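Enquirer: I'd like to go over a predicted model; first the sequence, then the structure.
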Amino acid sequence: MISNVKPETIQSIWGQVQPMIERALKHAQGDTTSTDDIYEDIVSGDMKLWVVHDNMDVNAVIGFEIKQYPKLRVMFINFISGKNMAEWIDDAEKLLFDYRDLTGCDAIQSSSRPGMVKKLVERGWKKKATIMEAPHV
């Protein structure tokens, strides 16, 4: 099952989802934000959090924002993290597409680690760019 986490209930499951979000940040662009920042964005309503769960056990998390650019309204996926993705990815993707349409978004975009890029390309997503970072001096 996939459920939306309301801002006022995030504290009750934060202990389960925070390690998954931390893992996602370590494997992607996590040096630009922290789990504390994400918590605040969820509480403020700036970021949506969906959880994939079996009853009270959270198996995965999906965090995203709606961004309005001059030319497009975009559903931007900040992170997807968890276990047993093969069991829930079809349902999650359909729900993302439905939410895109419901919110009037023109596109769904994601900044993804290389392994996720491969999985998404196999599902028909299009790779549009690669984020590069110069070495620290």
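Expert: Perfect, thanks for sending it. Predicted model, so just to flag it, every value in this text is computed and none were measured.
Enquirer: in the chain, which spans are helices?
Expert: Ranges of helices in the chain, per DSSP state H, are 10-27, 35-44, 85-102, 114-122.
Enquirer: Count the residues that sit near V117.
Expert: 15 (other CB atoms under 10 Å). C-beta here means a position set from N, CA and C on the backbone, and glycine is covered the same way.
Enquirer: Please report how far the closest residue to it other than its chain neighbours lies from S111.
Expert: The shortest distance from V117 to any non-neighbouring residue, by CB to CB, 6 or more residues apart in numbering, is to K127 (6.0 Å). Applying CB to CB, to the nearest Å, the value for K127 to S111 is 12 Å.
Enquirer: try Q68
Expert: 18 Å.
Enquirer: what helices or strands is the lengthiest strand in the chain leaning on?
Expert: The strand that spans the most residues within the chain, counting by DSSP state E, is strand 57-68. Identification of packing neighbours for strand 57-68 by 3 or more CB pairs under 8 Å, 6 or more residues apart in numbering; DSSP states H and E yields helix 10-27, helix 35-44, strand 48-54, strand 73-82, helix 85-102.
Enquirer: can you tell which of these is closest to M116?
Expert: Of all those, it is strand 73-82 that lies closest to M116, at 6.8 Å by CB to CB.
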